[in-house]
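Asks: Provided below are the primary sequence and the corresponding predicted coordinates.
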Amino acid sequence: HVVRGQYGRGYIEGQEVPGYREEQGVDPNSMTETFIAAKLFVDNWRWADTPIYIRAGKRLARRETTIAIEFKRAPHPPFEELAAEGLRPNVLLIHIQPDEGVSLAIGAKVPGQGMQIRTVHMDFLYGGAFRTDLPEAYERLLVDCMRGDASLFTREDEVIEQWQLVDAIVAFWRRDRPSFPNYAAGAWGPPSSDELLRRDGRAWRRH
């Protein structure tokens, strides 16, 4: 349930960019990963049977960090007219960067006769609400560090658990040699990352 990748030459915002192995100071035969996608589970009662998909990489189509929480679909449509069409799940989007905020994507009835549902968004943008320049992530951490405020810092036990997971993945990867590069700069990663979700009847969000 883990996919790795390394970007090759491609285009970002209309400009050609080099592949990772062509970057200055990088070994032309480097096997360093620049992309990972994974399907994970949390082994406790609260998150039992709930898949958690993560994806991160360099030179992707867009620079952003978002957490998408997809709510479970209703087992039965509330109206018979929707049974064949199906309802799209409601999604809570937590935008971390570049535009901090929260969006809720829900189904709303289109005005008029019939029962047609369309996805609409309820949005909150932190910068738009407070009309002020927000500090960058490292700015906040450095200021908190100087103030002795560890509220937003990762705890030691959490870091240890994270590295145990990462080390297990790296150890598994060492068993074979991947075919790199396997995605173009400006793409959303290797095709196998899309297949990872397609097997579950899902797809990565593109916006």
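Replies: Great, that's in hand.
Asks: May I ask which helix or strand encompasses Glu161?
Replies: helix 156-173 (DSSP states H and E).
Asks: Show me what whatever helix or strand comes next after that helix pairs with in its sheet, parallel or antiparallel.
Replies: Of the helices and strands lying after helix 156-173 in sequence (DSSP H and E), the nearest is strand 183-184. Its sheet considered, strand 183-184 pairs with strand 7-8 (parallel) by DSSP bridges.
Asks: Would you point out which residue is most central in the protein?
Replies: Nearest to the mean C-alpha position of the chain, by CA atoms, centre = their mean, lies Arg55 at 4.7 Å.
Asks: That one belongs to a strand?
Replies: Yes - checked against DSSP: H, G, I helix; E, B strand; the rest coil, Arg55 lies within a strand.
Asks: hang on, it packs against Ser192?
Replies: No - using CB atoms under 8 Å, Arg55 is not in contact with Ser192; the gap is 11.8 Å. Every residue, glycine included, has its C-beta placed from N, CA and C.
Asks: and stretch 117-127, which residues are buried?
Replies: Ile117 (16 or more other CB atoms under 10 Å).
Asks: now it: mean pLDDT?
Replies: Averaged across stretch 117-127, pLDDT comes to 88.
Asks: What are the contacting residues of that stretch?
Replies: With CB atoms under 8 Å, 6 or more residues apart in numbering as the test, stretch 117-127 has contacts from 82, 85, 87-88, 95, 99-110, 133-134.
Asks: what are the ranges of the helices in this structure?
Replies: Along the chain, counting by DSSP state H, helices occupy 126-130, 137-147, 156-173, 191-198.
Asks: Going along the chain, name the strands of this protein.
Replies: 2-5, 7-8, 10-12, 15-17, 35-40, 52-57, 65-70, 91-97, 101-109, 117-125, 183-184 (DSSP state E).
Asks: between the ones you listed, which one is nearest to Leu197?
Replies: Proximity to Leu197 (CB to CB) singles out strand 52-57 among the strands of the chain, at 6.3 Å.
Asks: in this protein, what residue sits furthest out from the centroid?
Replies: Most peripheral residue of the chain (CA atoms, centre = their mean): Gln113, 37.9 Å.
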